[in-house]
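> Please work out how this folds:
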Amino acid sequence: MGVLILVRHGRTAANAAGVLQGHLDLSLDDVGHQQVSAVAAAIGPVDRVICSPLERARQTAAEFGAPVTIDERWIELNYGEFDGLPLSSVPADVWQQWSADTTFATPGGESMGSLDQRVRSAAVDALSFADDERVVVVSHVTPIKAAVAWALGCDISISFRCHLDQASVCRIVAGARGPVLRSFNEVLYPR
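Numbers count the residues shown, from 1 in each chain. Presented below is the predicted three-dimensional model:
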């Protein structure tokens, strides 16, 4: 049975400051490097790593010491005009629209529904590799939540009702009737 291991990238300074990163191309901070080193050691050898093109994901992927394939479909949600702003600066009505309407996108941004479509196709592809290989996907909070929604047969809006820590792990297996969520938000590093 194939297991797809989803890893959220390690912490960045923007994560620590509570800033929406979206498509900002930021590096891991010292804590992030420690987190991903511990996660890679805990997961052990893998055959393939698929990751988002953003630097924080690529730095996390490099820790696994396996061939890395960049897949644009795993990139974080584009928050448009909110990229780079503190979470607390996003108006409550915008959060409400994001959580209630999967077609809503901020100016210059992307809708949750659009992200959901691209991630579902990426997850299908990645899970097919997991039949024969030990596969890790390194991505971001929203795409990983979309992959979890796919595995559960749910709508992307569940992403507003679950939490993923930095450098956390989720596992999806290929079940007899489709994908099955095996674990969610595993923290494999010391806190």
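
> now the residue nearest to residue 80 when sequence neighbours are not counted: how far from residue 182?
Leaving out its chain neighbours, the residue that sits closest to residue 80 by C-beta to C-beta, 6 or more residues apart in numbering is residue 109, at 2.6 Å. C-beta coordinates here come from the backbone N, C-alpha and C atoms, glycine included. As judged by C-beta to C-beta, to the nearest Å, residue 109 and residue 182 stand 32 Å apart.

> can you count the residues close to residue 65?
Other residues within reach of residue 65 by the criterion other C-beta atoms under 10 Å amount to 11.

> which residues does it contact?
Listed by C-beta atoms under 8 Å, 6 or more residues apart in numbering, the contact set of residue 65 reads 40, 45.

> Can you classify it by secondary structure?
For residue 65, the assignment made with DSSP: H, G, I helix; E, B strand; the rest coil gives coil.

> Can you report phi and psi for it?
Main-chain dihedrals, residue 65, degrees, to the nearest 10: phi 60, psi 30.

> Same check on residue 7?
Summarising the backbone geometry of residue 7 under the convention degrees, to the nearest 10, its torsions are phi -120, psi 120.

> burial measure for the residue nearest to it when sequence neighbours are not counted, as a count.
Spatial nearest neighbour of residue 7, chain neighbours left out: residue 138 (5.0 Å); criterion: C-beta to C-beta, 6+ apart. Taking other C-beta under 10 Å as the neighbour definition, residue 138 ends up with a count of 30.

> Now do the helix or strand containing residue 138: everything it contacts.
Residue 138 belongs to strand 135-139 when elements are defined using DSSP states H and E. Strand 135-139 is touched from outside by 2-9, 43, 46-52, 57-58, 60-61, 64, 66, 74-76, 122, 126, 129, 147, with contacts defined as C-beta under 8 Å, 6+ apart.

> Name the surrounding residues that touch the helix or strand just after it.
Moving toward the C-terminus from strand 135-139, the next helix or strand (DSSP H and E) is helix 141-152. Residues outside helix 141-152 that contact it (C-beta under 8 Å, 6+ apart): 6, 8, 52, 73-77, 112, 115-116, 119-120, 122-123, 137, 139, 155-156, 158-159, 162, 164, 170, 172, 178-181, 184.

> ok, the strand holding residue 138: who's next to it in the sheet?
Here the strand partners of strand 135-139, with direction, are listed using DSSP bridges: strand 3-8 (parallel), strand 48-51 (parallel).
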